[in-house]
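> Here is my input, please return the structure:
(chains A and B)
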Amino acid sequence: MLDIKFIRENKEIVQEGAKKKRVEIDIAKLVALDDERLKELKEIEDLRAEVNKVSNDIARDQDSALKIQLIEEMRAVKEEIKKKEEKLKTTIEEWQKIMLKIPNIPSVDTPEGPDDSGNQVLRSWGEKPQFSFKPKEHYELGKALKIIDTETAAEVSGARFAYLKGDLVLMQFALLQMCFEILTNEETLKKIAKEANVSIDVSKFMPVLPPVFVRPVVQVKMARFMTPEEHYMFPNDDLMLIGSAEHTLGSMHMGKIFEERELPIRYVGYSTAFRREAGAAGKDTNGILRQHQFDKLEMEVFSLPENSMQEQNFLVAIQEYVLKTLGLPYQVVAVCTGDMGFPDTRQIDVETWMPGQNKYRETHSADYTGGFQARRLNTRVRRANGKIEPVHMNDATVIAIGRALIAIIENYQQADGSIKIPEVLRKYMGGKEFIK
RNA sequence: GGAGGGUUCGCCUAAUGGUAUGGCACUGGUUUCGAAAACCAGCGGGAGAAAUCCCUUACAGGUUCAAGUCCUGUACCCUCCGCCA
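Modelled structure (predicted):
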């Protein structure tokens, strides 16, 4: 949610931002409603002030005749307040409906475009591996090696589920181990920040295992409830499954006011993500690229507004470091206005090279939402000068297991169909060199 | 799932239905060579240039001129029972 004051003072910017994001909004109507809201609020507050004052008089007053008269009067005033409150409630409801539909404004360096065709490659890293044979896709290799079984999963659970088996399972935990070591080592983080030219204080990340269920009202505050049909809903329990650890990490500090010196706060959370993939019918149906269920390690950072853009750069640098460590070629992409998330002001994706598909595929995302989510969550910071404002929030993938495994399988495949295990992972896998 | 108890500032805590108390911690200041101690001030949120006003005792309603306090519902926490990895 944007600040209503900001909206009132920057109508054109807000309108233009929404247009770039391909979202339709009616600012004029919102402002008119807001005028109404403020007027009604003022009237009610004045009446309340009167009641408060007179009630005090009643408590003090000795003259019982006067008392009875005042009580009579206040009864009438109370009726009036009630009526006005009814009206205000309707006004606020309508006001809120529009407010929730106003997207965050794209940063100035966000490229403009209608959809993912407008995304801009910022840089790329790594040599694409050369093969003396035609590289295969992950699901062919995975099936032959008996480490990915989608057929059994289809019978048991349906499409877009999989059994991961054997060494691939060990590799998942190896990846997690490796990433946790990076994110909890201050020296490594300092090195990453320095190389990326990021000038913020780095500290360790606090590891978290968050709940995978979330209340829908909280999801609304995270601005991740724009498309309810993409989530698994449990109406009997008023719960839904999270689509990312972000949803229960970002909401950890609802209603909290941080002191300036407490920030930044950095979390790394591990959870399973659940997605219905509604509207993705027929897309990426083979293998484990697009699953209803996958595990993911996610970073969530609460920071001061002036540091938060740097913070996003830091998070992207970490993503790049992870991929470099694994020896996987990638490109960093500035996601354009028409493709970026509703609450994002700047979105950076990292796409990793997938030789089997002969293209880059999204493996990481870094969402900078500014104070947009924080305003809805009411997560704020008290500055040194006493002023209170929303914190800024960043959320970014460390590693999405399914897609990382695909990248490793396809990049490290051998002529005989085996998979060479990246050296950095071997120490977590009993020293093994190949999956075969 | 059943029974009972609870929820007031970061922590603790007070409040015959009469308009949220005090302490600790914290922040700033005085003092000090510096610190500790002591003393002074601030310390739930919002609007406002300010005066001031409104809101705030888990949340949502209700009764009342007036609700932390009475009533109803919900959430969460604790204890015990049941079930359970």
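> Over in the stretch 201-350 of chain A, which residue gets nearest RNA strand B? Let me know.
Closest residue of the stretch 201-350 of chain A to RNA strand B, Cβ to the nearest atom of the strand: residue A:257 (5.6 Å). (Glycine included, C-beta is placed from N, CA and C.)
> got the contact list for residue A:345?
If a contact means Cβ atoms under 8 Å, 6 or more residues apart in numbering, then residue A:345 has A:104-107, A:110, A:368-370, A:372 as its contacts.
> if I look at the closest residue to the residue of the stretch 201-350 of chain A closest to RNA strand B other than its chain neighbours, how far off is residue A:203?
Counting by Cβ to Cβ, 6 or more residues apart in numbering, residue A:380 is the residue found nearest to residue A:257 once chain neighbours are left out, at 4.8 Å. Using Cβ to Cβ, to the nearest Å, we find residue A:380 at a distance of 21 Å from residue A:203.
> Between the two, tell me which one has more neighbours.
residue A:380 (18 against 12; other Cβ atoms under 10 Å).
> picking that back up, wait, the residue nearest to residue A:257 sits on residue A:390?
Yes: using Cβ atoms under 8 Å, residue A:380 is in contact with residue A:390, at 5.5 Å.
> For the residue nearest to residue A:257, give me its contacts.
By Cβ under 8 Å, 6+ apart, residue A:380 lies in contact with A:256-258, A:374, A:388-391.
> got the phi/psi numbers for it?
phi -130, psi 170 (degrees, to the nearest 10).
> Which secondary structure element is home to the residue of the stretch 51-200 of chain A at minimum distance from RNA strand B?
When scored by Cβ to the nearest atom of the strand, the stretch 51-200 of chain A has residue A:55 as its residue closest to RNA strand B, at 2.8 Å. Assessed by DSSP states H and E, residue A:55 sits inside helix A:27-60.
> I'd like the mean pLDDT over that helix, please.
Averaged across helix A:27-60, the pLDDT comes to 91.
> With stretch A:70-89 instead?
On average, stretch A:70-89 scores 90.
> That stretch vs RNA strand B: in contact?
Yes: Stretch A:70-89 lies within reach of RNA strand B by Cβ under 7 Å from any atom of the strand, at A:71, A:74-75, A:78.
> These, buried ones only, as a PyMOL selection?
A single PyMOL command suffices to select whichever of those are buried according to 16 or more other Cβ atoms under 10 Å:
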select buried, chain A and resi 74
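> Turn the residues of stretch A:70-89 next to RNA strand B into CSV, including distance to residue A:60 and secondary structure.
Converted to CSV, these look like this (distance: Cβ to Cβ, whole Å; DSSP: H, G, I helix; E, B strand; the rest coil):
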residue, distance to residue A:60, secondary structure
A:71, 14, helix
A:74, 15, helix
A:75, 19, helix
A:78, 20, helix
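> okay, among the residues of stretch A:70-89 next to RNA strand B, which ones form the most distant pair?
Largest separation among those by Cβ to Cβ: A:71 and A:78, giving 10.3 Å.
> name the element residue A:299 belongs to?
Per DSSP H and E, residue A:299 falls inside strand A:293-303.
> which strands and helices sit next to that strand?
Counting contacts by 3 or more Cβ pairs under 8 Å, 6 or more residues apart in numbering; DSSP states H and E, strand A:293-303 is packed against helix A:167-183, helix A:246-249, strand A:265-274, helix A:308-326, strand A:392-400, helix A:401-411.
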